[in-house]
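# missing the sequence, but the structure's below:
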């Protein structure tokens, strides 16, 4: 049992060191094979400064049953356009209430606002184009076309989103692989039939906003208004392509309803004040625990330090885009992180007053406090989930940081503090009457 305790203690120290390395301002980035992630604190709009845009989508011509899908499609198109601007950590969210359908866009650090507004405001352009004569298969058996990414290397056949009806994801009953069923109106079906007849064995490219989405090979002439796109998609890829195809087909004009600029100077001032507030909060909590609980309070302060290291490391690894509301959630979680310790310590004090040994008091303290700790944290997590699911922008940031803090605080209180106390069992210091300060023993 003692060996197990020391093993967990070494694991906790290793985890704390790892978290400290990640938290270090110039700590190493994550690079595993082709996967790369820069470990940095991503600042939101209110901290870094930038532009807040709200667009209203006109759904008058859209079937009410298809409006949510259409709004998601417009969001996908906007994401593609904003990624082309090179904006760091953009936040793009949709919201709908009654007959209002809106897209909320936050662009941290954006300098050319007019360029962003002009780019976002365009209608999605979906085009089908026929290909070049020199096609070949690559080493993986996929159809490869030299210069395929360049729309100018493909011939315009007049088949656009205006003639496209809808794309649906379905499962092939023979291969059980996801595929995309597409359909055209009468005029589009005629053009599509002629194009497939000319391009049997060749690719027919699909462009959205002049960016290549896919270039499936035509296996045979299709004389119907429906066709199937297959190609080893997984379900996520198939759904994503269907959404983007529908975005170029549905006539969803958007208009700028709100534009707000946030200055970086205000953001930096807020960061400084939040840092000072957080530091004061941590020091006040540690001081209270030291004065009231003495040695166990010191152990909980050490656990709180490890808690802070782990939470900040998770913020960088996930990554979490930090906003003022997110910082508020983190600071609030610091106070909640010692709630469990207080419940445990008070239970231990009751056991010690009854004449129990330190070892028995530790065991009883954790066992009897667990149900209260579990219920209070689960109820808080449920609240965070509701806020994250139904909230937008700052509310979601607050809910996310608070939820991460609650989960780590449970580990900190139940595991870290417990291991520290268990290491004291059998030592002379555990027999001292002043261990819990003003506690009166029988």
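Cool, got the structure. None of these values were measured; they are calculated from a predicted model.
# ok so residue 96 is a strand residue?
Yes: secondary structure of residue 96 (DSSP: H, G, I helix; E, B strand; the rest coil): part of a strand.
# can you count the residues close to it?
Per other C-beta atoms under 10 Å, the neighbour tally for residue 96 reads 13. Heads up, the C-betas are built off the backbone N, CA and C, glycines and all.
# what helices or strands is whichever strand or helix holds residue 315 leaning on?
Residue 315 is located in helix 264-317, with elements delineated by DSSP states H and E. Contacts defined by 3 or more C-beta pairs under 8 Å, 6 or more residues apart in numbering; DSSP states H and E place helix 264-317 against helix 2-23, helix 45-48, helix 324-337, helix 339-353, helix 394-411, helix 417-424.
# cutoff 10 Å now
The contact analysis (3 or more C-beta pairs under 10 Å, 6 or more residues apart in numbering; DSSP states H and E) places helix 264-317 against helix 2-23, strand 42-43, helix 45-48, strand 321-322, helix 324-337, helix 339-353, helix 394-411, helix 417-424.
# domain ranges for this protein?
2-41+263-436, 50-262 (automatic domain parsing).
# and these, which one's lowest on average pLDDT?
Here the lowest mean pLDDT among the domains of the chain goes to domain 50-262, at a mean of 80.
# Need the distance between the two termini of that one.
Chord length of domain 50-262, first to last residue, is 5 Å (C-alpha to C-alpha, to the nearest Å).
# centre of the chain versus it, how much separation?
In this view, domain 50-262 has its centroid 23 Å away from the chain centroid, taken as C-alpha atoms, centre = their mean, to the nearest Å.
# Just the helices from the stretch 101-250 of the chain, written as ranges.
All helices of the stretch 101-250 of the chain, identified by DSSP state H, counting those that start in this stretch, fall at 113-120, 186-198, 235-249.
# would you turn those into JSON lines with distance to residue 322 and mean neighbour count?
Shown next, in JSON lines, are the helices of the stretch 101-250 of the chain (distance: least, C-beta to C-beta, whole Å; neighbours: other C-beta atoms under 10 Å):
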{"stretch": "helix 113-120", "distance to residue 322": "22", "mean neighbour count": "14"}
{"stretch": "helix 186-198", "distance to residue 322": "47", "mean neighbour count": "17"}
{"stretch": "helix 235-249", "distance to residue 322": "28", "mean neighbour count": "20"}
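# Looking at these, which is nearest to residue 28?
Across the helices of the stretch 101-250 of the chain, residue 28 has its closest neighbour in helix 235-249 (30.3 Å, C-beta to C-beta).
# relative to helix 2-23, how tilted is the helix holding residue 315?
Interaxial angle, helix 264-317 versus helix 2-23 (axes from the mean of the first three to the mean of the last three C-alpha atoms, to 10 degrees): 140 degrees.
# how far out from the middle of the chain is helix 264-317?
A distance of 24 Å separates the centroid of the chain from that of helix 264-317, by C-alpha atoms, centre = their mean.
# now residue 20: how far from residue 156?
Applying C-beta to C-beta, to the nearest Å, the value for residue 20 to residue 156 is 58 Å.
# Between these two, tell me which one has more neighbours.
Shown here are residue 20 and residue 156; by other C-beta under 10 Å, residue 20 has more neighbours (16 against 13).
# still on that earlier bit, any chance of the helices and strands packed on helix 264-317 in TSV, with distance to residue 239 too?
Listed next are the helices and strands packed on helix 264-317 as TSV, based on distance: least, C-beta to C-beta, whole Å:
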stretch	distance to residue 239
helix 2-23	34
strand 42-43	27
helix 45-48	29
strand 321-322	25
helix 324-337	30
helix 339-353	41
helix 394-411	23
helix 417-424	45
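# hmm, back to that, would you tell me which of the helices of the stretch 101-250 of the chain gets closest to residue 417?
helix 235-249 (41.1 Å).
# same for that closest one, what does it pack against?
helix 67-85, strand 126-130, strand 164-171, strand 178-184, strand 204-208, strand 211-214, strand 226-229.
# For the first one, which residues meet the burial criterion?
Put plainly, it is helix 67-85. 67, 69-71, 73-78, 80-82, 85 (16 or more other C-beta atoms under 10 Å).
# With the third one instead?
Along strand 164-171, these residues count as buried under the neighbour rule (16+ other C-beta under 10 Å): 164-167, 169.
# And the helices of the stretch 101-250 of the chain: which comes nearest residue 424?
Short answer: helix 235-249, nearest of the helices of the stretch 101-250 of the chain by C-beta to C-beta, at 50.7 Å.
# Next, the angle strand 204-208 makes with the closest one.
Angle, helix 235-249 to strand 204-208, by the same axes, to 10 degrees: 70 degrees.
# List of residues touching the next helix-or-strand element following helix 235-249?
Next in sequence after helix 235-249, counting helices and strands by DSSP H and E, comes strand 254-262. Applying C-beta atoms under 10 Å, 6 or more residues apart in numbering, the contact partners of strand 254-262 are 44-58, 71, 74, 77-78, 100-108, 110, 113, 116-117, 120-124.
# who does strand 254-262 pair up with?
Strand 254-262 sits in its sheet next to strand 50-57 (antiparallel), going by DSSP bridges.
# for the partner strand, which positions count as buried?
Going by 16+ other C-beta under 10 Å, strand 50-57 has these buried residues: 50-53, 55, 57.
# do the same with stretch 285-292
For stretch 285-292, by 16+ other C-beta under 10 Å, it's 285-286, 289-290.
# Name the nearest of those relative to residue 365.
Distance to residue 365, by C-beta to C-beta, is smallest for residue 289 among those, at 15.2 Å.
# just checking, that closest one touches residue 296?
Yes: using C-beta atoms under 10 Å, residue 289 is in contact with residue 296, at 8.0 Å.
# shared neighbours of those two, anything?
Common neighbours of residue 289 and residue 296 (C-beta under 10 Å, 6+ apart) are 341, 345.
# Next, format the buried residues of strand 50-57 as TSV and append distance to residue 31.
Shown next, in TSV, are these (distance: C-beta to C-beta, whole Å):
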residue	distance to residue 31
50	28
51	32
52	34
53	34
55	37
57	40
